[in-house]
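Enquirer: Quick check, what structure comes out for this input:
(one chain, ligands or ions: 3)
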Amino acid sequence: MAKTQKYFLPEQYGLFERLKVQLIDGKKPIPTFPIRAQIQTRTACNAECSFCPNTTVGDALSQGTMEWDLFTKIVDEMSEHAMDEIHPFLMNEPLWDKDLPKKIRYIADKRKPGSSMQIKINTNASLLTDDMAKQLIESGLDKINISFHGIRPEVYEFNMGNLKFEPMVKKVLRFKEQLDKASKPKPKLHITMVKTKDIVADKKNIRAFWKSHGIGCNFRPLGNRNNKEVEMKGINWDDWHAYTWCRRPFTQIYILYNGDCVLCCCDWNRTTTLGNLRHKSIEEVWNSPAYKRVRENFLLKDRKDLLCGTCLYTR
Ligand SMILES: C[S@@+](CC[C@H](N)C(=O)[O-])C[C@H]1O[C@@H](n2cnc3c(N)ncnc32)[C@H](O)[C@@H]1O
Ligand code: SF4
Ligand code: SF4
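Expert: Ligands and ions are numbered 1, 2, ... in the order given. Next up is the predicted model:
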C-alpha cells in the first residue's frame, strides 16, 4: 500500500481547517526543529559499493573535514532540542575520520539528563581496528550498523567493490568479540544491507549466518540515489517506484562538512543546498523559505523541479 503524507503546512490552512486536518486526517504540523540529523564530520569513503554514487561523484566536489568550532556549534544547538537521533556521518565512511570517537563523546556529553536521543553510525567496517573499536565502545555511541552486503564472497565483493569478503567477516566477528568482552549495553550492533537481487535470494542464509554469531540483521530498500548508473545496473530485485511519501524533508536535516545543508542523503551532487550553518542557526535554516518551498512542492506533488522527482526505490 502506498504510504500517505503525514505532515501538513500550517500556513496553508485557516484555524478551522487546520483542526480538521489534525484531528480527522491525523496529520501533524511540520516540526519546527529537525527530529534527526546527519552530520558529515569529514568527506569521502574508501569503498566502491556498486549501488553507491560515491564512485561516480568523488573528486568533482569539494572535500574536507568539518572544523571543530562548527561541529560544536551544531551539536550545542541540537542539544537544546528533543531529537530522536544524531548520525555523525553523511554520504561518507564515518571511520575515515580518526577523531570520530571524540566527536561522538562530545555529542553524548551534551545530552541533557533524561534525553532519549540516540547516536548511530553506519559503517563498512573496513577501518574498524581493535583500537578504533575500543574507542567507539567507550565513546557513548548507541548503535552501530555494519553495512555488509552479501554472505557469499562473490556477491559481497561484487557489491562492495574493493573490500574482500574473508578479512571483512573476520573484522566484524572480532568487533563482536570485543563488544561481548566489554559487556556493556551499548553500542548495539546490527548488520545492514540493501535488497539487491542476490541478497534477496540469500536472505535465509544471511540471517542464519549472522544469527549463529549472535548478530541481528536488517534488509533495507535499494534506492537509485538519484543516479542513472545505479538504476541501470539491473541489481534491483523488484521494479523501481517513485516515492509517494518521504519523511526526510520534514524531519531530518543533512549537514555537509562545510556547514551546507543539503536535501537528503541522496543528494550526492549537492543539487539542493538549503542554507549554511556557519552563520545561521539550524532553526533558521530549517524554517527558511528555501526549505518551505521544497516541502510545499513535495506535499503538492509538484516535484518536477525537485531532486525528489527523479528519486526511485525498490521495496
Ligand atoms: C552512504 S552509506 C554511508 C555510511 C557507510 N559508508 C556505510 O556504507 O555504512 C549509508 C548507508 O546507505 C546505504 N546505501 C548505499 N547505497 C544505497 C542505495 N543505493 N540504496 C539504499 N541504501 C544505500 C549503505 O548500505 C549504508 O548502510
Ligand atoms: S555505501 Fe558506504 S561504504 Fe559503500 S561506497 Fe557508499 S559510502 Fe562507501
Ligand atoms: S530525493 Fe526527495 S524523495 Fe528522495 S530520499 Fe531525498 S527527500 Fe526523499
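
Enquirer: all helices of this structure, in order?
Expert: Using DSSP state H, the helices of the chain run over residues 15-23, 68-78, 100-110, 130-139, 153-160, 165-182, 197-201, 203-211, 228-232, 248-251, 282-286, 289-299.

Enquirer: Spell out which residues of this protein are next to ligand 2.
Expert: Proximity of the chain to ligand 2 (CB under 6 Å from any ligand atom) is limited to residues Cys45, Ala47, Glu48, Cys49, Cys52, Asn54, Glu93, Asn124, Ser147. In short, each C-beta sits where N, CA and C put it, glycine included.

Enquirer: what's around the last one, how many residues?
Expert: If I follow you right, that is Ser147. If you count neighbours by other CB atoms under 10 Å, Ser147 ends up with 19.

Enquirer: any idea how far it is from Ile191?
Expert: In this view, Ser147 and Ile191 are 8 Å apart by CB to CB, to the nearest Å.

Enquirer: rewinding a little: identify the farthest-apart pair in the residues of the chain next to ligand 2.
Expert: Between any two of the residues of the chain next to ligand 2, the greatest separation by CB to CB is 12.9 Å, found for Glu48 and Ser147.

Enquirer: Let me have the helices of the chain in TSV, extended by distance to ligand 3.
Expert: Below are these laid out as TSV (distance: least, CB to the nearest ligand atom, whole Å):
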stretch	distance to ligand 3
helix 15-23	22
helix 68-78	20
helix 100-110	24
helix 130-139	28
helix 153-160	21
helix 165-182	28
helix 197-201	20
helix 203-211	24
helix 228-232	13
helix 248-251	4
helix 282-286	14
helix 289-299	7
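
Enquirer: and among the ones you listed, the most buried is which?
Expert: helix 248-251 (a mean of 21; mean count of other CB atoms under 10 Å).

Enquirer: Which residue in the residues of the chain next to ligand 2 has the weakest pLDDT?
Expert: Lowest pLDDT among these: Asn54, with 91.

Enquirer: Now do the contacts for the closest residue to that residue other than its chain neighbours.
Expert: Nearest residue to Asn54, sequence neighbours excluded (CB to CB, 6 or more residues apart in numbering): Cys45, at 4.9 Å. By CB atoms under 8 Å, 6 or more residues apart in numbering, the residues touching Cys45 are Cys52, Asn54, Asn92, Glu93, Trp96, Asn124.
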